[in-house]
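Q: have a look at this prediction, sequence included:
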Amino acid sequence: MEQAVALWEHGVHITERDDEVYRYVLYQLEAFYVETWYHKEYNVIRKFRAFEDTNELAPYTEHIKIVLR
């Protein structure tokens with residue numbers, strides 16, 4: 001639970017994506033990205049996955065909206 005609180009207090013929400021079982025929510029926390037796996041049926045966090053490699057962002061690229069001003 002401490003990980004979730006730290007993420008929600010200090011992380012920046014980037015985007016989300018779904019499959020049949022999970023909702024994956026992507027955050028940026030300092031120099032890391034954190035993927036949170038929410039089980040949709042049971043409404044619980046099943047996993048956190050932290051990474052630095054921007055290649056890991058590939059499943060999210062179509063969901064990230066960039067606004068140019």
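A: Structure's in. What do you need?

Q: now the strands: where do they sit in the protein?
A: 12-18, 22-29, 32-39, 44-51 (DSSP state E).

Q: of these, which is nearest Glu62?
A: When the strands of the chain are compared by CB to CB, strand 12-18 sits nearest Glu62, at 8.5 Å. Just so you know, the C-beta spots here come from the backbone N, C-alpha and C atoms, and that holds for glycine as well.

Q: count of residues packed around Tyr38?
A: Using other CB atoms under 10 Å, Tyr38 is surrounded by 17 other residues.

Q: for it, which residues are in contact?
A: Shown in contact with Tyr38 (CB atoms under 8 Å, 6 or more residues apart in numbering): Tyr22, Arg23, Tyr24, Val25, Val44, Ile45, Arg46.

Q: residue nearest the centroid of the protein?
A: The centroid of the chain falls nearest to Leu26 when counting by CA atoms, centre = their mean (1.7 Å).

Q: retrieve the pLDDT associated with that residue.
A: For Leu26, the model assigns a pLDDT of 94.

Q: what is it paired to in the beta sheet?
A: Beta-bridge partners recorded for Leu26 (DSSP bridges): Thr15, Glu35.

Q: now do the contacts for it.
A: Contacts of Leu26 by CB under 8 Å, 6+ apart are His13, Ile14, Thr15, Glu16, Arg17, Tyr33, Val34, Glu35, Thr36, Leu57, Tyr60.
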